[in-house]
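Student: For reference, the sequence and a predicted model appear below.
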Amino acid sequence: MRLWVCIALLSTVLCASADRPAFLQGMIRAGQFVRDAAGGSWDMFRAYRDMREANYRGADKYFHARGNYDAARRGPGGAWAARVISDARENWQSGVSGRGAEDTRLDQEANAWGRSGGDPNRYRPKGLPSKY
């Protein structure tokens, strides 16, 4: 009897550690993507909030790069959220602000730099408080 109990427990452990069905793996990956996207959105918001709080001339490219960098480090969902938010922001701002196409192009360059894993400090202006 003890042998059968041991075999049953061992079988349960082996089955529990076996590969999950493809459907379940897909659901887990989708959940991770959504979690990463939500976290990436939060990273983008935090960078925007810090940019508004700092109110430092010439620091916008740094905050664009930092927000995208932080979001992309979370994974594919974070990178996706950063790209969607950055593109939407630049499309909206290009029609509203009078900064022009050159500023939009430079903002998008900083966004792409951060998303690709580049160091956001490349765009950090001198004199920006170390808090940021």
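Tutor: Looks like it arrived, so ask away. Numbers count the residues shown, from 1 in each chain.

Student: shaky segments in this protein?
Tutor: 1, 3, 5-18, 97-98 (pLDDT under 70).

Student: What segments of it are helices?
Tutor: Here the chain has its helices, by DSSP state H, at 2-17, 22-54, 60-72, 76-96, 101-115.

Student: chain center to the shortest one: distance?
Tutor: From the chain centre to the centre of helix 60-72 is a distance of 9 Å (CA atoms, centre = their mean, to the nearest Å).

Student: quick revisit: and of the helices of the chain, who's closest to Tyr132?
Tutor: Proximity to Tyr132 (CB to CB) singles out helix 22-54 among the helices of the chain, at 5.3 Å. No exception for glycine: its C-beta is placed from N, CA and C like everyone else's.

Student: mind listing what's buried in the closest one?
Tutor: Within helix 22-54, the residues that qualify as buried are 33, 36-37, 39-44, 47-48, 50-51, 54, counting by 16 or more other CB atoms under 10 Å.

Student: and what of stretch 95-114?
Tutor: For stretch 95-114, burial by neighbour count (16+ other CB under 10 Å) applies to Asp103, Thr104, Asp107, Ala110, Asn111, Ala112, Trp113, Gly114.

Student: ok, residues contacting that stretch?
Tutor: By CB atoms under 8 Å, 6 or more residues apart in numbering, the residues outside stretch 95-114 that reach it are 60-62, 64-70, 72, 82-83, 86, 90, 93-94, 120, 122-123.

Student: Next: stretch 121-128.
Tutor: Ala54, Tyr56, Arg57, Gly58, Ala59, Lys61, Tyr62, His64, Ala65, Ala110, Trp113.
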